[in-house]
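Participant: Pasting a predicted model and its sequence here:
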Amino acid sequence: MASVAVLFFARVLPIEELKALVEDRLMSYERFRQRILPSRLPRARPRWHEGDDFALDHHLFRSTLSPQGSATDLETLIRKLLSEPMSEDQPLWQLHLVEEVDGGSALVVKIHQSVVDGTSASRIILGLGSTKEGDDSGITSQGLEGRFRAEEVVEAASQSGATVRSLCRLIAQRSDTDSSLMGKPTNQRQVAWSQDFPLIRLRSFATRLETSETELLLAAVTACLRQELIRLDLLPEATILRAVVPCNLRGPEDDPLGSRFGLAVLPLPVGRTTVRSRIRKLRQDMDDLGSDPGSFAAFQDTGDPGFRMSHVEDQIARQIAKKTTLLLSLAPLPTEPLYFCGQKLEHWLYWPAQAGLQKLCLGISATSDQLRLGVIVDTGSAADPHRIAQAFDQALAELAAASGETT
């Protein structure tokens, strides 16, 4: 249950400047200096504790790929970090500066869900950067949040019996079509990512196709999953395949720590064969979600920052995972280029904390000018992360053709 980001830079970040940046920005949140201590009372809630032994060296690590290192070596390192639990003897977060990545460096950030939820962790990570002028960059959402008003979802979730009603609704829903994409994970993971794609082209497609960028990205994800189903000898037209999409419920001025997020269950029309038919179906399903705030499973723990599910909330998360195939994240979007220690963020990958039972996690992340798809696949799945990433590249080419783009 940890959120993971990988930030890529054309040059190596200076380690001492990186330490100063982390101390200035991340250490301003006390939760990043605290660890969890169990209560001495039975069934009582654990507490946060800041000891005198906190040291940044326990959280900021430095490693170097060989000069002949490749993307495969970086994938191996990321896979290891994804699969290994963090020590509860320390505050639950880590930064790994990886040098000699295509002549530059990568910064791998891992933050446990108890510190900050997956929709807010991405904003904290981007908040380590600044614009060229030194000011913090504005961040916009590119997920489903624009389809509803967050306050309506929070209000619906706070009503008496709302969590039980959400659980009953989930239990009554059909499960996704059983396949090797589903089932109990081994928690050993593989990763891959797509090529960079210019945002300006995606916006051009959206204008020509009279749709939104979010709908186009979801249509591209649907297309690449359709190709994976065909490769696995599954019939897409007879397959129910739904994604769990984390949604940010915080306002700009809300405390970023703790938990305040929603989970939406979105069907992906893998049976549709054309770009336009996928877009129409996705638009209809997202409009249906937006018109019913009660369709979101909302989780909030505003009294004490840190995430701890109630028994019913835990059952909701488990039912969502059992009845769906993947976790799909659309990370927030920086509105301007970001710089870390004077180095421009070239591109990044982001995956929010997984709720336990999904074998497949897809994360769409973008800088101010480029986007990528990051893929995590549990080794117990028959899915191939590299094939999914390549299929996403092909799906974006299909969008270009459908929009009438000329080269």
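Facilitator: Now that the structure is in, tell me what you want to look at.
Participant: helix or strand for Ile240, which one?
Facilitator: Take DSSP states H and E as the rule and Ile240 turns out to sit in neither a helix nor a strand.
Participant: which ones are touching it?
Facilitator: 174-177, 267 (C-beta atoms under 8 Å, 6 or more residues apart in numbering). In short, each C-beta sits where N, CA and C put it, glycine included.
Participant: Tell me how far it lies from Leu268.
Facilitator: 9 Å (C-beta to C-beta, to the nearest Å).
Participant: domains for this structure, by residue range?
Facilitator: 2-36+48-137, 145-333+346-403 (automatic domain parsing).
Participant: I'd like the contacts of Ile240 laid out as a markdown table, including secondary structure and pLDDT.
Facilitator: Shown next, in a markdown table, are the contacts of Ile240 (DSSP: H, G, I helix; E, B strand; the rest coil; pLDDT from 0 to 100):
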| residue | secondary structure | pLDDT |
| --- | --- | --- |
| Arg174 | coil | 79 |
| Ser175 | coil | 80 |
| Asp176 | coil | 81 |
| Thr177 | coil | 83 |
| Pro267 | strand | 90 |
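Participant: what number of residues lie near Ser3?
Facilitator: By other C-beta atoms under 10 Å, 28 other residues sit near Ser3.
Participant: my guess is Leu282 contacts Ala220, does it?
Facilitator: No - the criterion here is C-beta atoms under 8 Å, and Leu282 misses it with Ala220 at 10.7 Å.
Participant: Just the element for Ala389, please.
Facilitator: helix 385-403.
Participant: Next up, the contacts around Asn187.
Facilitator: Asn187 makes contact with 83, 378, according to C-beta under 8 Å, 6+ apart.
Participant: so how far is Gly380 from it?
Facilitator: Using C-beta to C-beta, one gets 9 Å for the distance from Asn187 to Gly380.
Participant: Please apply the same query to Asp24.
Facilitator: Applying C-beta to C-beta to Asp24 and Gly380 gives a distance of 42 Å.
Participant: ok, these two, which is more surrounded?
Facilitator: Using other C-beta under 10 Å, the more surrounded residue of Asp24 and Gly380 is Gly380, with 14 against 10.
Participant: Now do the SS call for that one.
Facilitator: Following DSSP: H, G, I helix; E, B strand; the rest coil, we place Gly380 in the coil state.
Participant: Could you look up the SS state of the residue nearest to it when sequence neighbours are not counted?
Facilitator: Leaving aside its sequence neighbours, Gly380 sits nearest to Thr186 (C-beta to C-beta, 6 or more residues apart in numbering; 4.3 Å). Classification of Thr186 using three-state DSSP returns coil.
Participant: Can you list phi and psi of Thr186 for me?
Facilitator: phi -90, psi -10 (degrees, to the nearest 10).
Participant: Per-residue pLDDT of it, please?
Facilitator: pLDDT for Thr186: 79.
Participant: And for the one 5 residues further on?
Facilitator: For Val191, the pLDDT comes out at 93.
Participant: Mind listing the residues bridging to it?
Facilitator: Counting by DSSP bridges, Val191 is bridged to Ile376.
Participant: Give the bridge partners for the closest residue to Asp196 other than its chain neighbours, please.
Facilitator: The shortest distance from Asp196 to any non-neighbouring residue, by C-beta to C-beta, 6+ apart, is to Gln370 (4.4 Å). Beta bridges link Gln370 to Pro198, judged by DSSP bridges.
Participant: Show me where this structure has its helices.
Facilitator: 15-25, 71-83, 118-126, 150-158, 162-172, 199-209, 213-231, 275-290, 311-323, 385-403 (DSSP state H).
Participant: what's the third one packed up against?
Facilitator: Counting by 3 or more C-beta pairs under 8 Å, 6 or more residues apart in numbering; DSSP states H and E, the packing neighbours recorded for helix 118-126 are strand 2-9, strand 104-112, strand 242-248, strand 259-267.
Participant: Need the winner for burial among the helices of the chain.
Facilitator: For the helices of the chain, the largest average neighbour count (mean count of other C-beta atoms under 10 Å) is found in helix 118-126, namely a mean of 24.
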